[in-house]
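Trainee: pasted the sequence and its predicted model underneath.
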There are 2 protein chains.
Amino acid sequence: MAQNLRHDEILKIARDLGKVTVDGLSREFEVTAQTIRRDLTELCDMGHLTRVHGGAIPPSSVINPGYEERSLLAVHEKEAMAQLCASKIPDGASLFLNIGTTTEAVARALLNHKNLMVITNNFNVAKILSTSPHSEVIVTGGVLRRSDGGLVGDVATEIIRQFRVDYAVIGIAAIADDGMLLEHDFREVRVTQAIIENARQAFLVADEIKFNRRAPVRIASLADMDAFFTDKAPPARLQKLCDDHEVAVHIAK
Amino acid sequence: MAQNLRHDEILKIARDLGKVTVDGLSREFEVTAQTIRRDLTELCDMGHLTRVHGGAIPPSSVINPGYEERSLLAVHEKEAMAQLCASKIPDGASLFLNIGTTTEAVARALLNHKNLMVITNNFNVAKILSTSPHSEVIVTGGVLRRSDGGLVGDVATEIIRQFRVDYAVIGIAAIADDGMLLEHDFREVRVTQAIIENARQAFLVADEIKFNRRAPVRIASLADMDAFFTDKAPPARLQKLCDDHEVAVHIAK
DNA sequence: CCCATAACGAACAATTTCGAACATAGAGCA
DNA sequence: TGCTCTATGTTCGAAATTGTTCGTTATGGG
């Protein structure tokens, strides 16, 4: 990885000005445009810049601050899982969707459903579904957590208890070996538990990554779910747990 | 993924000013209007802006179909009012913002303030302010009303009562001759009243149009406000009411 | 209601930028 | 010295962007 002399400087300029141009840099460093293009190509491959015609800009500075990278992880798998999950939810159903990028994917997959009633503490889910004229969206209150669009706070629990819905669609941070569902933030525990308690059926949606992750806060057990949507066959122990507790396992594609 | 050198900057300008014009941008970037039109078309296709005749505005109301068709003129006046109102709110303040497109404009004008704490039952306001890393946003829960992004429901009142903030920024549907502040939906009455009660100062923001409108539900009186921001001098009777009750009247431009 | 004006979008031409391939220069090393 | 390796310059056809023109469509004023 031969770090180029210009690279640091280019990044600095890009951050200062919000952009760099091939032409400007080639004059600045007194090299040919082609050399600058090669620099920019490398910097973009490393993810430090985004290439545009005529130059480059810092990666998605306005388009979607920070959040995008995480949601880009395994887009296709998430999409397929979400579609599968959505296909099990009929038109006219009422449902909860909790915090997490996975549930956002489900929200997108539900855009063409009709007459849904969706209750969510996920600001992004509300944003997505608000574009569909077919469904009613109810948002729980709370502090808006910028990192993931979560609405955090106890009021959510109260609002959720006012409903008794058909489905709960749950996304989580990690699944332990023994089937424990885990989250990072203890404030979400009660909310998610309330969601599970007040739904007739609970669907867990979690991609393979969650099998190998850790998180500190215990929310519930995989055994409490009615269905489990994922993208790869789960480890044997989890599969057995599902079999023992009659949790339907759906693997996308 | 057809990103362009100008796109990022156009979005920034649109967010700062609440609008962009084809003419203004073509001068700014020194390219022809047609090129700017192409840029705007792409940004709109990606959903980052909403096109209007002569320019584009942030899609703060993807939800609100009527709003998109309004002319840039109205946007401009609202913007001036909003800027004026925002200028009276110091960094570090806590405030309520209620439902209405006017308060959305104020939210945009507040984007560069630091360390604000904003409590709102306006989904669009939350969306706008969530892009700023400087402020904390708290949303009340409720049913998401697609027509204007309002969060409707009684929980809002409860949440609001948990706070005692510095400023309440109130937008309303109409002002009667005698200074009554009016709304269309009775469900908003208690929420807005709670907002006024729990703020040290109440700011009313309303453009000229509101003087000549009618609405059925009484919320409060202009006399209860501490300041009134508008874009044209109000009718004599209202002006007198303000004078009598020490309501500061601020007329934009 | 009609008209003048501005804004719009499509099509085409002119220009700029891109990336690949190849050439060149200099550094490091046996 | 002769060799290799890397960074850079050069050239050129392809692709993308931009400017121009023109007929169509909104908007605001009489």
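Mentor: Nice, thanks for sending it over. Numbering: from 1, shown residues only, chains lettered A, B, ... in the order given.

Trainee: got the CA positions of stretch A:102-114 in PDB?
Mentor: The C-alpha coordinates for stretch A:102-114 follow below in PDB (Å, rounded to 0.1, in the frame of the first residue of the first chain):
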ATOM      1  CA  THR A 102     -33.800  -4.900   9.000                       C
ATOM      2  CA  THR A 103     -37.200  -3.800   9.900                       C
ATOM      3  CA  GLU A 104     -36.800  -0.800   7.600                       C
ATOM      4  CA  ALA A 105     -36.200  -3.300   4.800                       C
ATOM      5  CA  VAL A 106     -39.500  -5.000   5.800                       C
ATOM      6  CA  ALA A 107     -41.200  -1.600   5.700                       C
ATOM      7  CA  ARG A 108     -40.000  -1.100   2.200                       C
ATOM      8  CA  ALA A 109     -41.200  -4.500   1.200                       C
ATOM      9  CA  LEU A 110     -44.600  -3.700   2.700                       C
ATOM     10  CA  LEU A 111     -45.100  -0.600   0.600                       C
ATOM     11  CA  ASN A 112     -47.500  -2.300  -1.800                       C
ATOM     12  CA  HIS A 113     -49.600  -3.900   0.800                       C
ATOM     13  CA  LYS A 114     -53.100  -2.400   1.300                       C
END
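
Trainee: in contact with A:D231, which residues?
Mentor: A:A74, A:E77, A:K78, A:A80, A:M81, A:D207, A:E208, A:I251, A:A252, A:K253 (Cβ atoms under 8 Å, 6 or more residues apart in numbering or on different chains). All C-beta atoms are positioned from the backbone trio N, CA, C, and that covers glycine.

Trainee: the residue nearest to A:A199 when sequence neighbours are not counted: helix or strand, and which one exactly?
Mentor: Excluding its sequence neighbours, the residue lying closest to A:A199 (Cβ to Cβ, 6 or more residues apart in numbering or on different chains) is A:A168, at 3.5 Å. Assigned by DSSP states H and E, A:A168 belongs to strand A:165-171.

Trainee: pull the distance from that strand to the chain's centre.
Mentor: Centroid separation for strand A:165-171 versus its chain: 16 Å, with Cα atoms, centre = their mean, to the nearest Å.

Trainee: list the strands paired with the helix or strand that that strand is followed by, with their directions.
Mentor: Moving toward the C-terminus from strand A:165-171, the first helix or strand encountered (DSSP H and E) is strand A:174-175. The pairing partners recorded for strand A:174-175 under DSSP bridges are strand A:180-183 (antiparallel).

Trainee: give the rounded mean pLDDT of the strand it pairs with.
Mentor: In this model, strand A:180-183 has an average pLDDT of 92.

Trainee: what is the burial count for A:A56?
Mentor: 28 (other Cβ atoms under 10 Å in any protein chain shown).

Trainee: and the gap between the residue lying closest to it once chain neighbours are set aside and A:G55?
Mentor: Distances taken as Cβ to Cβ, 6+ apart place A:L49 nearest to A:A56, at 4.2 Å, with adjacent residues excluded. For A:L49, the distance to A:G55 (Cβ to Cβ, to the nearest Å) stands at 9 Å.

Trainee: so for these two, which sits in the more crowded spot?
Mentor: A:L49 (25 against 19).

Trainee: could you measure from the more buried one over to B:E42?
Mentor: Taking Cβ to Cβ, one finds A:L49 at 20 Å from B:E42.

Trainee: and what of A:D148?
Mentor: Distance from A:D148 to B:E42, by Cβ to Cβ: 28 Å.

Trainee: cool, A:A248 as well?
Mentor: Distance, A:A248 to B:E42, by Cβ to Cβ: 43 Å.

Trainee: one more: A:A56?
Mentor: For A:A56, the distance to B:E42 - Cβ to Cβ - is 18 Å.

Trainee: also A:I89?
Mentor: Taken as Cβ to Cβ, the span from A:I89 to B:E42 is 34 Å.

Trainee: which one's more surrounded, those two?
Mentor: Neighbour count, other Cβ under 10 Å: between A:I89 and B:E42, A:I89 has more, with 20 against 16.

Trainee: how about the residue of the stretch 51-200 of chain A at minimum distance from chain B: what's its closest non-neighbour residue?
Mentor: Chain B sits closest to A:G141 of the stretch 51-200 of chain A, with a gap of 3.5 Å, by Cβ to the nearest Cβ. Nearest residue to A:G141 in three dimensions, chain neighbours excluded: B:G141, at 3.5 Å (Cβ to Cβ, 6+ apart).

Trainee: re the thing from before, save the contacts of A:D231 as JSON lines, and put in distance to A:H134, pLDDT and secondary structure too.
Mentor: Converted to JSON lines, the contacts of A:D231 look like this (distance: Cβ to Cβ, whole Å; pLDDT from 0 to 100; DSSP: H, G, I helix; E, B strand; the rest coil):
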{"residue": "A:A74", "distance to A:H134": "28", "pLDDT": "53", "secondary structure": "coil"}
{"residue": "A:E77", "distance to A:H134": "27", "pLDDT": "68", "secondary structure": "helix"}
{"residue": "A:K78", "distance to A:H134": "23", "pLDDT": "76", "secondary structure": "helix"}
{"residue": "A:A80", "distance to A:H134": "23", "pLDDT": "80", "secondary structure": "helix"}
{"residue": "A:M81", "distance to A:H134": "22", "pLDDT": "87", "secondary structure": "helix"}
{"residue": "A:D207", "distance to A:H134": "27", "pLDDT": "87", "secondary structure": "coil"}
{"residue": "A:E208", "distance to A:H134": "32", "pLDDT": "83", "secondary structure": "helix"}
{"residue": "A:I251", "distance to A:H134": "29", "pLDDT": "92", "secondary structure": "strand"}
{"residue": "A:A252", "distance to A:H134": "24", "pLDDT": "83", "secondary structure": "coil"}
{"residue": "A:K253", "distance to A:H134": "27", "pLDDT": "72", "secondary structure": "coil"}
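
Trainee: isn't A:R164 right up against A:N198?
Mentor: Yes: if you go by Cβ atoms under 8 Å, A:R164 and A:N198 touch, sitting 5.5 Å apart.

Trainee: which one of the two has more residues nearby?
Mentor: Just comparing A:R164 and A:N198: by other Cβ under 10 Å the higher neighbour count belongs to A:N198, 17 against 11.

Trainee: how much space is there between that one and A:Y167?
Mentor: Between A:N198 and A:Y167 the computed distance is 11 Å (Cβ to Cβ).

Trainee: spit out the residues that contact these two alike.
Mentor: Counting by Cβ under 8 Å, 6+ apart, the common neighbours of A:N198 and A:Y167 are A:F96.

Trainee: that older thread, just checking, the residue of the stretch 51-200 of chain A closest to chain B touches B:G153?
Mentor: No: using Cβ under 8 Å as the test, A:G141 is too far from B:G153 to be in contact (9.3 Å).
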